[in-house]
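Novice: Coordinates for the following, if possible.
(2 chains)
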Protein chains: 2
Amino acid sequence: MELLREMVITDGKVYDNNVLKVDSFLNHQIDAGLMMKMAESFYEYFKKEKITKILTIEASGIAPAIMVANLFKVPMVFAKKSKPSTLKNNDVYTAEVHSYTKNITNTIVVSEKFINKDDKVLIVDDFLANGQATLGLMEIVEKAGAKTVGVGILVEKSFQDGRKLLDERNVNVCSLCRIASLENNEVKFNISDDEK
Amino acid sequence: MELLREMVITDGKVYDNNVLKVDSFLNHQIDAGLMMKMAESFYEYFKKEKITKILTIEASGIAPAIMVANLFKVPMVFAKKSKPSTLKNNDVYTAEVHSYTKNITNTIVVSEKFINKDDKVLIVDDFLANGQATLGLMEIVEKAGAKTVGVGILVEKSFQDGRKLLDERNVNVCSLCRIASLENNEVKFNISDDEK
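Specialist: Now for the predicted structure:
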């Protein structure tokens, strides 16, 4: 998506260790108009699937996910990073998600009430790097007996393992901006297959 | 807002200690169509103000806030409950927010880049109970030299202190659903002044 790539170049900041900071428009301050356009891109890409639910993980997946849900006219569910006090252990699906950046493992949680075996789920998230969050969400969908129909990603770090792991599972992934490299603190895009 | 009150009655669950669980449509699974209608209500109520920014707090404030931001065509900023590793201490505004429910105090954080002294800020959040989160967000706006123009709340527990504390500060509050009491695990609304 050309507009998103332009904003990554003009407003993104690259730090050491492959850190790309996009907090001025994607995950701290959020450009609502851009977010709506990205949601429309996902809708165009996945509209022929009979999506029944959008699934994401708190916190920065929520903004794109709710806009996508509004276009598909289906509910959005966000996985929580800790179990709410009002949910009991046997009422939830969980998955372990390791963060390589923070070097911690979180248990993510979704109430079993909100994904059922008939659901066709579109997973939406802001970043795809090592893919652990997305795989955790897919695990929850599988535990519910439902089907992950696709994955919509705003920014993919194609040089890390996530995309490969999803492709190996034959998941239909739509990444709006694919970054081939952040070496020498410079953004290089992978535009051989735009918007897929 | 009639539709929201109906959903609180049909889909909300009341537990002991004044806990109202609305996780099937507001803060775990989210009804995107309802969320859009609520955002439109805030837009109608506050549209004459020259709002330049929507401010909320992760995680459950993000969905309503991004939709409101899209209607006002301004950026949305969400305060984080912990400081991201890419932000330094002197680059952020912070406030202490005590949660009576969980009996913990969090430091909430907003990068100083994203609120400036010319901003007219509309704060949006899902719940108003004791008001600590809203007051923390207002403190951050004040530290930035900006102005809180109003507060938009989905569900207000009018029997707790938050609304009173905001009224004492002469803040323009719009609560879409005002709950007068949850005694005996029964929802009673305060509809003497609808949608304010």
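
Novice: is chain B contacted by the longest strand along chain A?
Specialist: Counting residues, the longest strand found in chain A (DSSP state E) is strand A:147-157. No - applying CB under 8 Å from any CB of the partner chain, one finds strand A:147-157 separated from chain B by no less than 13.3 Å. Just so you know, the C-beta spots here come from the backbone N, C-alpha and C atoms, and that holds for glycine as well.

Novice: Could I get the buried residue list for that strand?
Specialist: For strand A:147-157, the neighbour count (16 or more other CB atoms under 10 Å in any protein chain shown) marks A:148-157 as buried.

Novice: Could you give the number of residues near A:Arg178?
Specialist: For A:Arg178, the tally of surrounding residues (other CB atoms under 10 Å in any protein chain shown) stands at 23.

Novice: Over to the one 10 residues further on?
Specialist: For A:Lys188, the neighbour count with other CB under 10 Å is 13.

Novice: returning to that earlier point: nearest to chain B, of the buried residues of strand A:147-157?
Specialist: A:Leu154 (13.3 Å; CB to the nearest CB).

Novice: Could you find the closest non-adjacent residue to the closest one?
Specialist: Closest residue in space to A:Leu154, ignoring its immediate chain neighbours: A:Asp126 at 4.8 Å, by CB to CB, 6 or more residues apart in numbering or on different chains.

Novice: List the beta-bridge partners for the residue positioned nearest the centre of chain A.
Specialist: When CA atoms, centre = their mean is applied to chain A, the residue found nearest the centroid is A:Asp125 (1.7 Å). Beta bridges link A:Asp125 to A:Ile153 when assigned by DSSP bridges.

Novice: May I ask you to confirm that it is in contact with A:Glu58?
Specialist: No - between A:Asp125 and A:Glu58 there is no contact under CB atoms under 8 Å: 10.7 Å.

Novice: what separates the residue nearest to A:Ser60 when sequence neighbours are not counted from A:Thr148, distance-wise?
Specialist: Counting by CB to CB, 6+ apart, A:Ser60 lies nearest to A:Asn27, which is 3.9 Å off, once chain neighbours are set aside. According to CB to CB, to the nearest Å, A:Asn27 stands 23 Å off from A:Thr148.

Novice: Can you pull the residues of chain A lying near chain B?
Specialist: Residues of chain A found near chain B, taking CB under 8 Å from any CB as the criterion, are A:15, A:19, A:21, A:23-25, A:28-33, A:35-36, A:54, A:58-59, A:62-63, A:66-67, A:69-70, A:73-78, A:80, A:84-86, A:101-102, A:110-111, A:113-114.

Novice: Name only those of the residues you listed that count as buried.
Specialist: Neighbour counting by 16+ other CB under 10 Å classes A:21, A:23-25, A:28-32, A:35-36, A:54, A:58-59, A:62-63, A:66-67, A:69-70, A:74-78, A:80, A:110-111, A:114 among these as buried.

Novice: Mind listing the strands the helix or strand encompassing A:Ala79 pairs with, and their directions?
Specialist: If you go by DSSP states H and E, A:Ala79 is part of strand A:76-79. Here strand A:76-79 has these sheet partners by DSSP bridges: strand A:53-57 (parallel), strand B:29-30 (antiparallel).

Novice: Would you mind putting these into CSV with mean pLDDT and distance to A:Leu166 alongside?
Specialist: Converted to CSV, the strands paired with strand A:76-79 look like this (pLDDT from 0 to 100; distance: least, CB to CB, whole Å):
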stretch, mean pLDDT, distance to A:Leu166
strand A:53-57, 98, 15
strand B:29-30, 98, 24
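
Novice: Out of the ones you listed, flag the one nearest B:Glu142.
Specialist: strand B:29-30 (30.3 Å; CB to CB).

Novice: ok, and what's touching that closest one?
Specialist: The contact list for strand B:29-30 (CB atoms under 8 Å, 6 or more residues apart in numbering or on different chains) reads A:66, A:69, A:75-78, A:111, A:113-114, B:23, B:63.

Novice: Fine by me, thanks again.
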